[in-house]
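Enquirer: Sequence and predicted structure below; questions after.
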Amino acid sequence: MLEARALTKRYGALTVNDAVSFSLAAGEALGVLGPNGAGKTTLLKMLAGSTAPSAGQVLYDGRDMSGLTEPARCRQGIVRTSQVPQPFEQISVWENVLTAAYHGGGHHGDAAEEVAYTALKRTGLLERHEEMAGALSLMGRKRLELSRALACEPKVLLLDEIAGGLTDFEVHDLVVLIQDIRTSGVSIIWIEHVVHALVAVVDRLIALDFGQLIAEGTPDEVMEGEAFKRAYFGEDAILEGVR
Ligand SMILES: Nc1ncnc2c1ncn2[C@@H]1O[C@H](COP(=O)(O)OP(=O)(O)OP(=O)(O)O)[C@@H](O)[C@H]1O
């Protein structure tokens, strides 16, 4: 459904992503792991169209997405959530999601309201729809971020560290929510440092280090692999057999 073909991003002399290739099947959930600064967010931005690659391509259902902006890709079903939720703080939860249904989902009038209502119901925010977005807790903001994404009616949902900063209970609720989204047929690529949340949802993992794809496979295959352990825990940990 979505293919990264030798995606490369350079900022001057710094190569942030170096010819990263992988694919996502329809209905699949793929996790992305990697130490801080490995290039995960940049990779997601290239998939979403908010950053142009220096080289390489993004293919969606076999079509080259080069030159398509983030809003244009969103209209086609590729929707990204932000690492730091950035709702319109001064308007209500409802208005935030309705705005997404209009501008991301391309709906108008009653149809937009229906889409916004459904999104809020799914994320558990419906009863708080009149509150100002700026008054929400962190978990509320994460739910709103997901609601706005759902109001764009994604076929591929790109999640950037959405579990960061939450309590264990909140992470559990979030996992249930993302599993539900996935079960409804949405394909998912999820960058996450909260590994237990990630592996509760994804079928497959890729791991990045210094912009390079260093491992790919089932969660067990990737996390038991030497390249992954070296990237996360260092050479000494490998020598000592410490995970
Ligand atoms: N616009 C930019 N200009 C220059 N360097 C950038 C830019 N965006 C990102 N970088 C650099 O690219 C590298 C990778 O950043 P990126 O945010 O993709 O990493 P990440 O794996 O998502 O990290 P984290 O887990 O900490 O969020 C970092 O060294 C970062 O400083």
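Expert: Arrived safely.
Enquirer: Can you name the residues bridging to the residue nearest the centre of the chain?
Expert: What sits nearest the mean C-alpha location of the chain, by Cα atoms, centre = their mean, is residue 159, with 1.5 Å. For residue 159, the beta-bridge partners are residue 190 (DSSP bridges).
Enquirer: and the gap between it and residue 37?
Expert: 19 Å (Cβ to Cβ, to the nearest Å). Any C-beta I mention is one placed from the backbone N, CA and C, and that applies to glycine too.
Enquirer: cool, residue 129 as well?
Expert: 38 Å.
Enquirer: which one of those two has more residues nearby?
Expert: Higher neighbour count among residue 129 and residue 37: residue 129, with 18 against 13, using other Cβ atoms under 10 Å.
Enquirer: Quick one: classify the nearest residue in space to that one that is not next to it in sequence as helix, strand or coil.
Expert: Using Cβ to Cβ, 6 or more residues apart in numbering and skipping residues adjacent in sequence, the residue nearest residue 129 is residue 94, 4.0 Å away. Secondary structure state of residue 94, per DSSP: H, G, I helix; E, B strand; the rest coil, is helix.
Enquirer: What residues does the protein have near the ligand?
Expert: 11, 14, 16, 34, 36-42 (Cβ under 6 Å from any ligand atom).
Enquirer: Just the buried subset of those residues, please.
Expert: Listed as buried from the residues of the chain next to the ligand are 16, 34, 38-42; burial here means 16 or more other Cβ atoms under 10 Å.
Enquirer: re the thing from before, ok, the residue nearest to residue 129 - how many residues close by?
Expert: As a measure of burial, residue 94 has 20 neighbours, counting by other Cβ under 10 Å.
Enquirer: do the same with residue 196
Expert: Residue 196 has 12 neighbouring residues, counting by other Cβ under 10 Å.
Enquirer: Can you classify it as helix, strand or coil?
Expert: Residue 196 ends up helix, using three-state DSSP.
Enquirer: Contacts only, for it.
Expert: With contact taken as Cβ atoms under 8 Å, 6 or more residues apart in numbering, residue 196 is in contact with residue 171.
Enquirer: try residue 48
Expert: Residue 48 touches 70, 73-74, 78-80, 158, counting by Cβ under 8 Å, 6+ apart.
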